[in-house]
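Asker: please work out how this folds:
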Amino acid sequence: MPAAEVPVSVELVRRLLDEQHPDLADLPVEVLANGWDNLVCRLGGKLLVRLPRRAMAAELVAHEQRWLPELADRLPLPVPAPVRVGRP
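Answerer: Below you'll find the predicted structure:
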């Protein structure tokens, strides 16, 4: 696995939620995966938080945030769409 360019953690998720989405900040956070490109955490019972670990992954997330909502209705299978977007 490549080294993370950005240290990501549950503590960072909590801090970003406090600052940017305070209405979600009290929900439980649990790490689901810490992969090559992203840290993925469950937020409460229905949401996921994904934080890029590398600059290249941040670019991919931006593309997904832009295109997934537009493609979702055109594809024959369910496609997850961003519910909230945060800032680094």
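Asker: list phi and psi for Arg53.
Answerer: Per-residue torsions, Arg53: phi -100, psi -20 (degrees, to the nearest 10).
Asker: that one and Met1 touch, don't they?
Answerer: No. At 9.2 Å, Arg53 does not count as touching Met1 under the criterion of CB atoms under 8 Å. Using the backbone N, CA and C atoms, a C-beta is placed for each residue, glycine as well.
Asker: tell me which residue of this protein is furthest from the middle?
Answerer: Counting by CA atoms, centre = their mean, the extreme residue of the chain relative to its mean C-alpha position is Pro76, 23.9 Å from that point.
Asker: name the residues of stretch 25-39 that come out as buried.
Answerer: By neighbour count on 16 or more other CB atoms under 10 Å, the buried set for stretch 25-39 is Ala25, Leu27, Val29, Asp37, Asn38, Leu39.
Asker: now do it: distance from first to last residue.
Answerer: In terms of CA to CA, to the nearest Å, the two terminal residues of stretch 25-39 are separated by 18 Å.
Asker: so what touches it?
Answerer: With CB atoms under 8 Å, 6 or more residues apart in numbering as the test, stretch 25-39 has contacts from 1-2, 8-10, 13-14, 17-18, 40-44, 47-54, 56-57, 60-61.
Asker: quick check on these: which are buried?
Answerer: Among the contacts of stretch 25-39, those buried by neighbour count (16+ other CB under 10 Å) are 8, 13-14, 17, 41, 43, 49-54, 57, 61.
Asker: distance to Ala33 added to the residues you listed, as JSON lines?
Answerer: Converted to JSON lines, the buried ones among the contacts of stretch 25-39 look like this (distance: CB to CB, whole Å):
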{"residue": "Val8", "distance to Ala33": "12"}
{"residue": "Val13", "distance to Ala33": "13"}
{"residue": "Arg14", "distance to Ala33": "18"}
{"residue": "Leu17", "distance to Ala33": "19"}
{"residue": "Cys41", "distance to Ala33": "9"}
{"residue": "Leu43", "distance to Ala33": "14"}
{"residue": "Val49", "distance to Ala33": "11"}
{"residue": "Arg50", "distance to Ala33": "9"}
{"residue": "Leu51", "distance to Ala33": "11"}
{"residue": "Pro52", "distance to Ala33": "13"}
{"residue": "Arg53", "distance to Ala33": "11"}
{"residue": "Arg54", "distance to Ala33": "15"}
{"residue": "Ala57", "distance to Ala33": "13"}
{"residue": "Val61", "distance to Ala33": "15"}
